[in-house]
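Student: Predicted model follows, preceded by the sequence.
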Amino acid sequence: MNKILLSISLTSSVLIGKAQIVFNEVYPSPSVHNNEFFELYNTSGSSTPMSLDNYTVVTYFRISGKEGFYVMDLPNLTIAPKGYFVGASAIPYSYQNISNSTAADFSWNDPALASNNGYVKMWLEQSGSSADGNPDYNEGVIPADFNDFFVPHNGSGATYTIFLYRNGVLINALIFGTGGYDSVIPEIVTMPPLFVDMSGTAPDFTIDFSGYGSVPAEKVNQNAGTDNGFVRTADGVCGAWDKSSNTVSYSPKLTNGPADPFSGSISVDAIIQKGTAATGSKLIYDVIAAPSTSFPVTLDVYEDVGTTLLRLDASDTYVESNTENTVTDGPFTTVFKPFDVNMLVVVKSNSGCIDKVLFSPTIAILSIKLVYFQGTLENNKVALKWRVEQNEEVDRFEIERSEDGTNFVTAGTVFPKSQSDAENYSYAESIKTYKVYYRLKMYDKNQTSEYSKAFVLQNPNVKGDSLRIINNPATDKLTLNYSSAGNQAVEIKIFDLAGRMQMNLKANVYQGSNFIDLPLSSAFKTGIYAVEVSNALESQTAKFVKQ
């Protein structure tokens, strides 16, 4: 113990602590000639990079009947806000269909790791010497070119168990692989305390596993397979894990996608009170409902000035953060300038992962009044119609189109007619997509702009997704919108995240749009579920949150 007289020995908390850094990808079981790697993601909004010198990764193993832990003291390197940090068993390294990648910050087999305040150690459970702080463990020998830091342990219900600590406090717990456990497996809970001697100035700490049976853990309960690994389907988003496959691929040092504003289990209200250029505008936001295990909840505020509106990206400007320790804390008010900029509220649980990203637009007050905006879709042709009052104030209309209801592009521009008072307008185009959203952006003579509400048109001549959840999150019932090409019978199933079927029923649907109500009894616990609607030819799935 090179710091026994200098460090403060801590006992790690069994409660997941507030953090900013979480796992984003893990490649734990490479095929021959491939390399293990992991990726961390920094959800922080601060402009200052965070040091990883006080972060530690711990994995459990069972090898030939012997149990223990691998401990990785991360090197004294930094990770940028909304940035990525990758560790691998070699540089360059190979993984799922990729050879000789250099997208890594360090290799844990690099001899220079020790000089950068990092190391990898193996601790075997057996009577040992108390001189190293671990009377119940002996230090094993790490082989050269070590490629088994994430060695599978199998056993009673999980293939991989991975812990991430900051200053000795658990901030991210992962359970990956086969089996039926939703929590840390009993074998780990019964392991003796493990002392971790940190390099550099980071404090040493002791892990007491006896309370780990109740720690919040993220999991993917899927069968192991070739190139087995796990990826968040959106950067830093809570619980958004999937098993790697041909459709779910790794992207170290690249984005896995943005947070969905409708996902998660934390309900937040966010509104803007528009001011003036001199006073600025106010964003008022508050947690109105959340599971108790989510607290403290951090609310990060950004100006939505990045490359993609309605999404958190690297170019959005961080403003400030506030924290709610209970649902009764708040609301909070952030004054911002320019007064007409759109805002984002990034909602994060106590483990630092992102629950959702809320878009708060600054609504301008137009001198134009929109009476209606509507459209039809027939034979792949869209016809849009709208009517305004005070037409003499119109500068132009921009018609915006989207295939997902979030990312809109300008489809066309319509200029005003000359008469005053009320006037009718129209716009037409041809499309070949299954579903299309439209909204109207209206400009007056002062260049003040305002959006209409968006609406969706569905094209029966084009095959595509046909299932949409109306009420998400759901409480006592789930309402589905299912678009059918004809009258037919469908089967509806609901699964929990472990793949266990919770509901199975049959229904008759009719050509066009169908609304289906499914009762959710008290047997449905709070959490994330998947609903599947199948006909004779195809299946459609969607996720929802049960509150």
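Tutor: Cool, got the structure. Residues are numbered from 1 along each chain as shown.
Student: you'd agree Glu392 is in a helix?
Tutor: Yes - assigned with DSSP: H, G, I helix; E, B strand; the rest coil, Glu392 falls within a helix.
Student: Map the structural domains onto the sequence of this structure.
Tutor: 10-243, 267-360, 369-458, 467-546 (automatic domain parsing).
Student: of all these, which lies closest to Thr255?
Tutor: Of all those, domain 10-243 sits nearest to Thr255, with 5.7 Å by C-beta to C-beta. To be clear about C-beta, it is placed using only N, CA and C from the backbone, and glycine gets the same treatment.
Student: Which one, of the domains of the chain, ends up nearest to Tyr250?
Tutor: Nearest to Tyr250 among the domains of the chain is domain 10-243; the distance by C-beta to C-beta comes to 5.6 Å.
Student: Burial check on Phe37, number of neighbours?
Tutor: For Phe37, the count of nearby residues is 29 (other C-beta atoms under 10 Å).
Student: re the thing from before, export the domains of the chain as TSV, with columns for distance to Lys253 and mean pLDDT.
Tutor: Compiled in TSV, those are given as follows (distance: least, C-beta to C-beta, whole Å; pLDDT from 0 to 100):
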stretch	distance to Lys253	mean pLDDT
domain 10-243	4	88
domain 267-360	12	87
domain 369-458	23	85
domain 467-546	27	82
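Student: Output these as TSV; include the columns distance to Pro252.
Tutor: Compiled in TSV, those are given as follows (distance: least, C-beta to C-beta, whole Å):
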stretch	distance to Pro252
domain 10-243	4
domain 267-360	16
domain 369-458	25
domain 467-546	25
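Student: Determine which of those approaches Ser249 most closely.
Tutor: Smallest distance to Ser249 across the domains of the chain (C-beta to C-beta): 6.4 Å, for domain 10-243.
Student: How far off centre is that closest one?
Tutor: On the basis of C-alpha atoms, centre = their mean, to the nearest Å, domain 10-243 sits 20 Å off its chain's mean C-alpha point.
Student: Then stretch 264-284?
Tutor: Remark: stretch 264-284 is offset 23 Å from the chain centroid, using C-alpha atoms, centre = their mean.
Student: end-to-end on that stretch?
Tutor: 20 Å (C-alpha to C-alpha, to the nearest Å).
Student: mind listing what's buried in it?
Tutor: Using 16 or more other C-beta atoms under 10 Å as the test for burial, stretch 264-284 gives 264-268, 270, 272, 275, 280-281, 283.
Student: Filter these down to just the ones in strands.
Tutor: Judged by DSSP state E, strands contain the following of the buried residues of stretch 264-284: 267-268, 270, 272, 275, 280-281, 283.
Student: With respect to Leu440, which of those is nearest?
Tutor: Taking C-beta to C-beta as the measure, Leu440 lies nearest Ile272 of those, at 20.3 Å.
Student: List the residues that contact the closest one.
Tutor: 281-284, 343, 360-363 (C-beta atoms under 8 Å, 6 or more residues apart in numbering).
Student: just curious, which of the residues you listed is nearest to Ala498?
Tutor: Within these, proximity to Ala498 (C-beta to C-beta) peaks at Ser360, which comes in at 35.1 Å.
Student: Pull the contacting residues for the closest one.
Tutor: Contacts of Ser360 by C-beta under 8 Å, 6+ apart are 270-272, 283, 285, 342-345.
Student: returning to what we had before: among the domains of the chain, which comes closest to Leu254?
Tutor: With distances scored as C-beta to C-beta, the stretch of these nearest to Leu254 is domain 10-243 (7.6 Å).
Student: how about Gly412, phi and psi?
Tutor: Main-chain dihedrals, Gly412, degrees, to the nearest 10: phi -180, psi 170.
Student: For it, list the residues it contacts.
Tutor: Gly412 neighbours (C-beta under 8 Å, 6+ apart): 398-399, 427, 429.
Student: Most neighbours among those residues, which one is it?
Tutor: Counting neighbours by other C-beta under 10 Å, the top entry in those is Ile399, with 22 neighbours.
Student: Against Gln488, how distant is the residue nearest the centre of the chain?
Tutor: Geometric centre of the chain, nearest residue: Val237, 1.6 Å, by C-alpha atoms, centre = their mean. Distance of Val237 to Gln488, computed by C-beta to C-beta, to the nearest Å: 35 Å.
Student: ok so, going back, so, if you compare the contacts of Ser360, which one comes nearest to Ala411?
Tutor: For the contacts of Ser360, the nearest to Ala411 is Asn342 (20.7 Å; C-beta to C-beta).
Student: which non-adjacent residue is nearest the closest one?
Tutor: Nearest residue to Asn342 in three dimensions, chain neighbours excluded: Asp304, at 4.2 Å (C-beta to C-beta, 6 or more residues apart in numbering).
Student: need the contact list for the one you found.
Tutor: So Asp304 contacts 310, 316, 341-344, 359 (C-beta under 8 Å, 6+ apart).
Student: Any chance you could give me stretch 171-187 in PDB, C-alpha atoms only?
Tutor: This file holds the C-alpha atoms of stretch 171-187, laid out as PDB (Å, rounded to 0.1, in the frame of the first residue of the first chain):
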ATOM      1  CA  ILE A 171     -22.100   5.200  -9.300                       C
ATOM      2  CA  ASN A 172     -23.000   2.600 -12.000                       C
ATOM      3  CA  ALA A 173     -23.800  -1.100 -11.600                       C
ATOM      4  CA  LEU A 174     -24.300  -3.400 -14.600                       C
ATOM      5  CA  ILE A 175     -25.700  -6.900 -14.900                       C
ATOM      6  CA  PHE A 176     -25.400  -8.400 -18.400                       C
ATOM      7  CA  GLY A 177     -26.100 -11.800 -19.900                       C
ATOM      8  CA  THR A 178     -28.300 -14.800 -19.300                       C
ATOM      9  CA  GLY A 179     -30.300 -15.800 -16.200                       C
ATOM     10  CA  GLY A 180     -33.200 -14.400 -14.200                       C
ATOM     11  CA  TYR A 181     -31.700 -12.100 -11.700                       C
ATOM     12  CA  ASP A 182     -32.800  -8.500 -11.500                       C
ATOM     13  CA  SER A 183     -30.300  -7.600  -8.800                       C
ATOM     14  CA  VAL A 184     -26.700  -8.400  -7.900                       C
ATOM     15  CA  ILE A 185     -26.300 -12.200  -7.600                       C
ATOM     16  CA  PRO A 186     -26.100 -13.700  -4.100                       C
ATOM     17  CA  GLU A 187     -22.600 -15.000  -4.600                       C
END
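Student: what comes up buried for it?
Tutor: Going by neighbour count (16+ other C-beta under 10 Å), the buried part of stretch 171-187 is 171-177, 179, 181, 183-185, 187.
Student: can I get the residues you listed in JSON lines with secondary structure and distance to Thr479?
Tutor: Output for the buried residues of stretch 171-187, formatted as JSON lines (DSSP: H, G, I helix; E, B strand; the rest coil; distance: C-beta to C-beta, whole Å):
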{"residue": "Ile171", "secondary structure": "strand", "distance to Thr479": "37"}
{"residue": "Asn172", "secondary structure": "strand", "distance to Thr479": "34"}
{"residue": "Ala173", "secondary structure": "strand", "distance to Thr479": "34"}
{"residue": "Leu174", "secondary structure": "strand", "distance to Thr479": "33"}
{"residue": "Ile175", "secondary structure": "strand", "distance to Thr479": "32"}
{"residue": "Phe176", "secondary structure": "strand", "distance to Thr479": "33"}
{"residue": "Gly177", "secondary structure": "coil", "distance to Thr479": "35"}
{"residue": "Gly179", "secondary structure": "coil", "distance to Thr479": "34"}
{"residue": "Tyr181", "secondary structure": "coil", "distance to Thr479": "33"}
{"residue": "Ser183", "secondary structure": "coil", "distance to Thr479": "32"}
{"residue": "Val184", "secondary structure": "coil", "distance to Thr479": "36"}
{"residue": "Ile185", "secondary structure": "coil", "distance to Thr479": "38"}
{"residue": "Glu187", "secondary structure": "helix", "distance to Thr479": "43"}
